[in-house]
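**Q** got a sequence here, can you model it:
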Amino acid sequence: MADKPKVMAIVGSRKASEAMRQQAAAQANKALSAGWRISTGGAHGVDAAAIKAAVDAGKAKSLDIYLPEKIGNQNPSVRSLLKTAKEAGANVVEDAGQPAGSYAKACYNRDKVIVEQSDALVGLQNNNSKGTKATVDAAAEKGIPVKKMSYAKGLLKNISRMNALLLTINVLQVMEDYNEYK
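**A** Numbering: from 1, shown residues only. Down below sits the predicted model:
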């Protein structure tokens, strides 16, 4: 029986610059090339860039997309991409943020599901986005490797790696599999 592939969450700000979208795509392609699955949220911006990279690479079957509600309730700018990814074999989980009293709460709940399903996380945060920060913090609390890329007005400010000293043997193996986290 083959080992279950590791899952790399790629999450980030909806207000993403072209540089951020390119970086999200590069991170997705790197992880996919190393045999990882990609997990993301399906929002426009960073999430959409990761989805598009997987679909364009012909690897939609290695993609898990967690939506806070149904595809039809997502931003019109990403609906067709989400449908295309699903048709190409992506695992699209609708209503991953339910139950919730608002769309914002559904997004927050969905982000928690993404973290729980992931073995490592790349977060691209623009202008101190609260949603991205909460997701990065949740991953750090879970003890999985986190690569956080902070942007201001779409320009890269810094890259930090979190949890380097708190990792278990299993997570160290994950890091070995994905050179970006060595």
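**Q** secondary structure element holding Lys86?
**A** Per DSSP states H and E, Lys86 falls inside helix 76-87.
**Q** report all helices and strands that that helix contacts.
**A** For helix 76-87, the packing partners by 3 or more Cβ pairs under 8 Å, 6 or more residues apart in numbering; DSSP states H and E come out as helix 46-56, strand 63-66, strand 91-93. Placement of C-beta: from N, CA and C, glycine included.
**Q** the last one pairs with which strands, and in what direction?
**A** Based on DSSP bridges, the strands next to strand 91-93 in the sheet, each with its direction, are strand 63-66 (parallel).
**Q** can you give me the buried ones in the partner strand?
**A** In terms of neighbour count (16 or more other Cβ atoms under 10 Å), strand 63-66 has its buried residues at 63-66.
**Q** indicate which one of the helices and strands packed on helix 76-87 is closest to Ile114.
**A** Smallest distance to Ile114 across the helices and strands packed on helix 76-87 (Cβ to Cβ): 5.2 Å, for strand 63-66.
**Q** among the helices and strands packed on helix 76-87, which is nearest Ala138?
**A** It's strand 63-66; of these, that one is closest to Ala138 (Cβ to Cβ) at 13.5 Å.
**Q** what comes up buried for stretch 113-133?
**A** Within stretch 113-133, judged by 16+ other Cβ under 10 Å, the buried ones are 113-115, 118-126, 129, 131-132.
**Q** mind listing the strands for the protein?
**A** Secondary structure of the chain by DSSP state E: the strands cover 7-12, 37-40, 63-66, 91-93, 120-126, 146-152, 155-162.
**Q** skip the chain neighbours and tell me the closest residue to Ala31.
**A** Setting aside the residues directly before and after it, Ala31 is nearest to Met8 in space (Cβ to Cβ, 6 or more residues apart in numbering), at 4.1 Å.
**Q** how close does the one you found sit to Arg21?
**A** 17 Å (Cβ to Cβ, to the nearest Å).
**Q** more neighbours, the two?
**A** Met8 (30 against 21; other Cβ atoms under 10 Å).
**Q** quick one, what contacts that one?
**A** Neighbour list for Met8: 27, 31, 36-39, 118-122, 178 [criterion: Cβ atoms under 8 Å, 6 or more residues apart in numbering].
**Q** pLDDT value on Trp1, please?
**A** Careful, residue 1 is Met and not Trp. Note for Met1: predicted pLDDT of 51.
**Q** pull out the buried positions in stretch 3-23.
**A** Neighbour counts over stretch 3-23 (16+ other Cβ under 10 Å) mark 6-14, 16-17, 20-21, 23 as buried.
**Q** just put those residues in CSV and tack on pLDDT and distance to Gln98.
**A** Formatted as CSV, the buried residues of stretch 3-23 follow (pLDDT from 0 to 100; distance: Cβ to Cβ, whole Å):
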residue, pLDDT, distance to Gln98
Lys6, 93, 27
Val7, 96, 21
Met8, 96, 25
Ala9, 97, 20
Ile10, 98, 23
Val11, 98, 19
Gly12, 96, 23
Ser13, 94, 23
Arg14, 94, 20
Ala16, 94, 26
Ser17, 94, 31
Met20, 95, 28
Arg21, 96, 28
Gln23, 95, 31
